[in-house]
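*Asks:* Sequence and computational prediction follow.
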Amino acid sequence: VRRDRAAAHRRAGRRTLTLRPHSDGCRVETDDLTIRFPNLTFALPHEMPDLLTFLRDEGVGLVEWHHLLGHHPVIRSLPERLAVPYDVFVHDYVWFCPRITLVGIGERYCGEPDLDGCRRCVRAQGSLLDERLGIDALRTRSAAELGAARRVLVPSHDTARRIERHFPGLICQVEAPEDDRPALPLAV
């Protein structure tokens, strides 16, 4: 998805910056071949003011969240601190499932049980989140973050139904993911 998004931004005359988790903070990357930030990293949270200054100087006008796993929690505040809108691209169920993929006991689909069922699953299997966050707190935070997003984009109607069921009132937009299968050359 990120490649497609970067290409779409380039066609619209915009450059993209990507923040990737890096040791104790984040690393800045770009697809712009004329600019490289090979060693540009920010230790978070104490270098957050420097990261914000850099991003403002670069003219960031929109944040796209693709995944926040591995990032320092302070990254979640970027849109608010930059005073820019943000879009969320849903790639899995990390918004309401601490196991991320709805895989529960026995490595099977969990069936999306009620909160007590989720708690039992996490007690038995553990959470795959980077932070210690209970299911109630996760869902409350996710409802606020998804609700404040300019758009919530999902890869399928099935994903939209699941997300919207867990976050009533939220409207998801379906955007099929990029086709990342390798080209298969054929001899004729």
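*Replies:* Here it is on my side, so go on.

*Asks:* Could you pull out the buried residues of the worst-scoring helix or strand of the chain on mean pLDDT?
*Replies:* Sorting the helices and strands of the chain by mean pLDDT, DSSP states H and E puts helix 2-11 at the bottom, at a mean of 75. Within helix 2-11, the residues that count as buried by 16 or more other Cβ atoms under 10 Å are 5-6. Quick note: C-beta positions are derived from backbone N, CA and C, even for glycine.

*Asks:* For it, list the C-alpha coordinates in CSV.
*Replies:* In CSV, the C-alpha atoms belonging to helix 2-11 read as follows (Å, rounded to 0.1, in the frame of the first residue of the first chain):
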residue,chain,number,x,y,z
ARG,A,2,2.8,2.4,0.9
ARG,A,3,4.3,2.1,-2.6
ASP,A,4,1.0,2.9,-4.2
ARG,A,5,0.4,5.8,-1.9
ALA,A,6,3.8,7.2,-2.5
ALA,A,7,3.3,7.0,-6.3
ALA,A,8,-0.1,8.7,-6.0
HIS,A,9,1.4,11.5,-4.0
ARG,A,10,4.3,11.9,-6.6
ARG,A,11,1.7,12.1,-9.4
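
*Asks:* Spell out, range by range, the strands that occur in the chain.
*Replies:* Per DSSP state E, the chain carries strands over the ranges 17-22, 25-30, 41-43, 63-65, 86-89, 151-154, 173-174.
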